[in-house]
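**Student:** no letters, just coordinates:
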């Protein structure tokens, strides 16, 4: 008979125990105590678990997963801090506060994330209470930006100003945030929980990859138009991607909050999803536990106490680029919004301060962050738009730019992430510059996503060209390399990118992409876009295009490490 000393908790059991023992949102005084006593006073359960509920987790030492153990690299005595920006709505005063905090505490740089957040690094425990207080004073906070809770609720960044939107759904995103974030009833979910609510026609908030995706739709009832929402559930990427399943439901405006609450409760109470950390997302009800859309809808309707109307026909966007870059007319007469591409999401304190000042000078001081790591200024008088665009370009935030500059998305990589295999941010900048020089006339919209490990924080599964970080041995050392996945898409032609069996050193990636895109330019049919071109070629042919010759397929080689619960992907 095994004694108590030989019985070890699994990872899932340990985390579940810790979550039962404490709601971190009610333990702010402990954080203040750590700040007074210093980093050495912080117990392991805070470093590994509880801090995440406050948007905080330990920062890697720059080597990523290499040199660590158990699939996780070594940590420095400082932190990453993720600031939650619901629906991406930001005031100039708030951005200026973030810029000042970045300058004082984060070595002058920040990252825009793929969930409309802003992320700082190099944060010390001593500075953390001061930073949290400064954010609260300007109407921002970090609660729920990480951890087994509802993450930042995303929405269309031009909600309320988009000239073609079905409705402004941002009030629903803000109301759902109020309902779930900080609420002790939802402080202990099986894992992260992602929600997208959008009233736009191009689904720029990516409902396809969220646990809950609500997209505005109009139906005719008794000859009169009525606006509601389509409902998708169970989307997610990471190492096992699953595009969200549409339910047979038309959700009325006043049903959105109870439906979201009901799904959150269903997720919270699923004991099946608490057994393995790596399979704890809502999508695994469909991937591993045999659930269907009908099963899910019956459970949901029973929980909320009402039946949903049948789904109305919807028009999914077909090959629409969702980056909002450039100058675009608003619904408000005489006004437009100006979208600037922030290359790989990396932005400096000076650029943030400059963008805030420009938003005040040329508009009403309102900015928006996007899911493609970009920054917009809204409510710009049309006569001022070109001048604003020139000023943004002058501080390195391009309002135009090549498809490579606009389409590049990158995760944190080994620079800051303990789970990454490759460096991504500097690599992405170099890759974009190489492609701009090699293919100066290339005009096709291109989603070029770089992710430093299989966990898809850089969302390579939904990119035209998605590359996943690996290591290859060169002589006596291990060098950064990338594995290619092609043809990812969302919307009408949604598809997970295909792993095509080609891998090369990071230094060879520009050569491979140049060869692939040159073949596309030479062989494409009339008006054929990249998605269509990739779809009509098999993996072996695409692999040969990348390599410049026929080569054998190599396996994708999944990382042996755990799937983290703090990532953005």
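**Tutor:** Thanks, I have it. Values in this document were obtained by computation on a predicted structure and should not be read as measured data. Numbering: from 1, shown residues only.

**Student:** run through this protein and note the low-pLDDT ranges.
**Tutor:** 1-6, 558-569 (pLDDT under 70).

**Student:** for the most centrally placed residue in the chain, give me its contacts.
**Tutor:** The structure's the chain has its C-alpha centroid closest to residue 114; by CA atoms, centre = their mean the separation is 2.9 Å. Taking CB atoms under 8 Å, 6 or more residues apart in numbering, we find residue 114 in contact with 345, 371-373, 409, 457-459, 568-569. C-beta here means a position set from N, CA and C on the backbone, and glycine is covered the same way.

**Student:** residue 537 now?
**Tutor:** Taking CB under 8 Å, 6+ apart, one finds residue 545 in contact with residue 537.

**Student:** could you say which helix or strand contains it?
**Tutor:** Assigned by DSSP states H and E, residue 537 belongs to neither a helix nor a strand.

**Student:** hmm, back to that, phi and psi next, for the residue nearest to the centre of the chain.
**Tutor:** When read as degrees, to the nearest 10, the backbone of residue 114 gives phi -80, psi 10.

**Student:** okay, it and residue 186: tell me how far apart.
**Tutor:** 23 Å (CB to CB, to the nearest Å).

**Student:** same question for residue 119.
**Tutor:** To residue 186, residue 119 is 23 Å away according to CB to CB.

**Student:** as a check, name the ranges of all helices in the stretch 351-500 of the chain.
**Tutor:** 382-394, 403-407, 425-438 (DSSP state H, counting those that start in this stretch).

**Student:** out of those helices, which gets nearest to residue 294?
**Tutor:** For residue 294, the closest of those is helix 403-407, at 37.7 Å, according to CB to CB.

**Student:** what is that closest one packed up against?
**Tutor:** If you count contacts as 3 or more CB pairs under 8 Å, 6 or more residues apart in numbering; DSSP states H and E, helix 403-407 packs onto helix 425-438.

**Student:** so how far is the helix it packs on off the chain centroid?
**Tutor:** Centroid separation for helix 425-438 versus its chain: 22 Å, with CA atoms, centre = their mean, to the nearest Å.

**Student:** ditto for stretch 497-516
**Tutor:** Centroid displacement of stretch 497-516 relative to its chain, using CA atoms, centre = their mean, is 23 Å.

**Student:** quick revisit: let me know the closest of the contacts of residue 114 to residue 160.
**Tutor:** Distance to residue 160, by CB to CB, is smallest for residue 371 among the contacts of residue 114, at 17.1 Å.

**Student:** so how far is residue 87 from that closest one?
**Tutor:** Distance from residue 371 to residue 87, by CB to CB: 11 Å.

**Student:** ok, these two, which is more surrounded?
**Tutor:** residue 87 (29 against 25; other CB atoms under 10 Å).

**Student:** tell me the contacts of the more buried one?
**Tutor:** 116, 153-157, 159, 170, 173-174, 197.

**Student:** what do you get for residue 144?
**Tutor:** By CB under 8 Å, 6+ apart, the neighbours of residue 144 are 53, 55, 84, 150-152, 180-182.

**Student:** common neighbours of residue 371 and residue 87, please.
**Tutor:** Common neighbours of residue 371 and residue 87 (CB under 8 Å, 6+ apart) are 116, 154, 157.

**Student:** picking that back up, can I get the helices of the stretch 351-500 of the chain in JSON lines with mean neighbour count and distance to residue 354?
**Tutor:** As requested, the helices of the stretch 351-500 of the chain are arranged in JSON lines below (neighbours: other CB atoms under 10 Å; distance: least, CB to CB, whole Å):
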{"stretch": "helix 382-394", "mean neighbour count": "16", "distance to residue 354": "8"}
{"stretch": "helix 403-407", "mean neighbour count": "23", "distance to residue 354": "18"}
{"stretch": "helix 425-438", "mean neighbour count": "18", "distance to residue 354": "19"}
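
**Student:** backbone torsions only: list them for residue 105.
**Tutor:** Dihedral angles (degrees, to the nearest 10) for residue 105: phi -120, psi -10.

**Student:** once you drop chain neighbours, what's closest to it?
**Tutor:** Excluding the flanking residues, the one nearest residue 105 by CB to CB, 6 or more residues apart in numbering is residue 127, at 4.8 Å.

**Student:** so which of the contacts of residue 114 is the closest to residue 219?
**Tutor:** Nearest member of the contacts of residue 114 to residue 219, counting by CB to CB, is residue 371, at 26.9 Å.

**Student:** wait, the closest one touches residue 208, no?
**Tutor:** No - using CB atoms under 8 Å, residue 371 makes no contact with residue 208, being 11.6 Å away.

**Student:** out of the contacts of residue 114, flag the one nearest to residue 141.
**Tutor:** Nearest to residue 141 among the contacts of residue 114: residue 568, at 17.4 Å, using CB to CB.

**Student:** mind checking the end-to-end distance for stretch 139-157?
**Tutor:** By CA to CA, to the nearest Å, the extent of stretch 139-157 from end to end equals 18 Å.
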